[in-house]
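Colleague: Pasted the sequence and its predicted model underneath.
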Amino acid sequence: MRITIVGCGSIGSRLAKAADDMEEVKRIYLVDIRKDLADNVAASLRKAIVVDSVEDELYHCDLVIEASSQAAAKEVAPKVVARGVDIMIMSVGSLVDDDYRNTLFQSAKEHEAKIFIPTGALCGVDGLRSASCDEIDSVELITTKGPKSLAGVQYLVDKGIEVDKIKEKTVIYLGPAREAVKIFPKNINVAATVSLLGLGFDRTKVTIVLDPAATSNSHELRFEGKFGKAVAHTFNVPEADNPKTSHLAALAAISALKRICRNEWIGV
Ligand SMILES: NC(=O)C1=CN([C@@H]2O[C@H](COP(=O)(O)OP(=O)(O)OC[C@H]3O[C@@H](n4cnc5c(N)ncnc54)[C@H](OP(=O)(O)O)[C@@H]3O)[C@@H](O)[C@H]2O)C=CC1
Ligand SMILES: O=C([O-])CC(=O)C(=O)O
């Protein structure tokens, strides 16, 4: 299998290293708008080369893995599926716009391309996927992050909230997933994943808490339906190189790549 990784940051660099060790992966094309990052990652790998754009090697590529940003995902995904190439999307919030998403999914179907959305930084997605084969009554995600993970969010700046000056646990967002993934594009892609499986973007309730003492990126997923009730609480270790992102997100991408390469679907 030949793969292209778009985005060589926290997730992309770890995924590239893991892919380099997988015998099923023969070639890794790396793209990043910061070419130095892609060059650094490629330098330590045996199978990787840097390309300027995802389109450069699309004809030779079996799977594109997007690990960049919502904006980049939105630009790249339609081009990839229109060429019949499979794509894994990490910036899942890029799928919030219904018209865009429906067109993308339709195009993938027509061109026989698959769209893979890993479970990311969240446990419990498997249960929600099964539960949503029958009636679901409610889906709620309560996310708690520390100041480093929530730094630089324009919405908070506009509200005059200085994340490093907050002294006690504070709810900084309460509302539907649809707004949450737009306001916090680098923090709550998991809410998009949950929305796609459960009740959609408007009926998935999201609470984001800023906890000055938080040492984890915590996601508490609660859902109820005909199957019963579930609560899955993940206390994630944030990545040192990007504290907005949890280590489990990179591991989820690696695990998804292994499942795709090896055609082994345990815990589906
Ligand atoms: N689904 C999930 O559970 C999770 C999803 N995510 C999401 O996954 C994505 C990747 O996360 P992470 O690795 O931590 O992010 P990083 O910011 O660490 O890395 C992303 C890299 O992609 C680069 N980039 C941005 N735009 C483009 C583009 N158009 N083409 C090529 N490269 C580009 C960035 O450059 P620059 O820094 O200059 O912008 C950066 O080097 C993010 O959108 C993140 O929010 C993260 C955690 C969990
Ligand atoms: O990594 C996390 O904790 C979740 C995250 O950033 C996201 O979903 O965008």
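Modeller: Thanks, I have it. Residues are numbered from 1 along each chain as shown. Ligands and ions are numbered 1, 2, ... in the order given.
Colleague: residue contacts, the nearest residue to Lys148 once chain neighbours are set aside?
Modeller: In space, and not counting its chain neighbours, Lys148 is closest to Pro243: 4.2 Å by CB to CB, 6 or more residues apart in numbering. Any C-beta I mention is one placed from the backbone N, CA and C, and that applies to glycine too. Contact partners of Pro243, counting by CB atoms under 8 Å, 6 or more residues apart in numbering, are 146, 148-149, 217.
Colleague: Out of the residues you listed, which two sit at the greatest distance?
Modeller: Spatially, the most separated pair among these is Lys148 and Asn217, at 10.0 Å (CB to CB).
Colleague: between the contacts of Pro243, which has the most around it?
Modeller: Comparing those by number of neighbours (other CB atoms under 10 Å), Asn217 comes first, having 28 neighbours.
Colleague: if I look at it, how far off is Gly228?
Modeller: 27 Å (CB to CB, to the nearest Å).
Colleague: wait, isn't Ala213 in contact with Lys145?
Modeller: No. Using CB atoms under 8 Å, Ala213 makes no contact with Lys145, being 11.5 Å away.
Colleague: Tell me which of these two has more neighbours.
Modeller: More crowded of Ala213 and Lys145, by other CB under 10 Å: Lys145, with 27 against 9.
Colleague: any idea how far the spatially most central residue of the chain is from Ser10?
Modeller: The structure's the chain has its C-alpha centroid closest to Met90; by CA atoms, centre = their mean the separation is 2.9 Å. Going from Met90 to Ser10 by CB to CB gives 10 Å.
Colleague: Next: Val125.
Modeller: From Val125 to Ser10 the distance is 20 Å (CB to CB).
Colleague: And Lys167, by the same measure?
Modeller: Plainly put, Lys167 is 29 Å away from Ser10 if you go by CB to CB.
Colleague: more crowded one of these two?
Modeller: Higher neighbour count among Lys167 and Ser10: Ser10, with 21 against 7, using other CB under 10 Å.
Colleague: Which residues does the residue nearest to the more buried one when sequence neighbours are not counted form beta bridges with?
Modeller: In this structure, Ser10 finds its nearest non-sequential neighbour in Asn242, 3.8 Å apart by CB to CB, 6+ apart. Using DSSP bridges, the bridge partners assigned to Asn242 are Glu239.
Colleague: Show me where this structure has its helices.
Modeller: 10-20, 35-43, 70-82, 98-110, 125-131, 154-158, 177-183, 189-197, 247-262 (DSSP state H).
Colleague: Need the winner for burial among those.
Modeller: Highest mean neighbour count of those: helix 189-197, a mean of 27 (counted as mean count of other CB atoms under 10 Å).
Colleague: contacts for the helix or strand bottoming out on mean pLDDT in the chain?
Modeller: Ranking every helix and strand in the chain by mean pLDDT, DSSP states H and E puts helix 154-158 at the bottom, with a mean of 94. With contact meaning CB under 8 Å, 6+ apart, helix 154-158 is reached by 150, 163, 172-173, 183-184.
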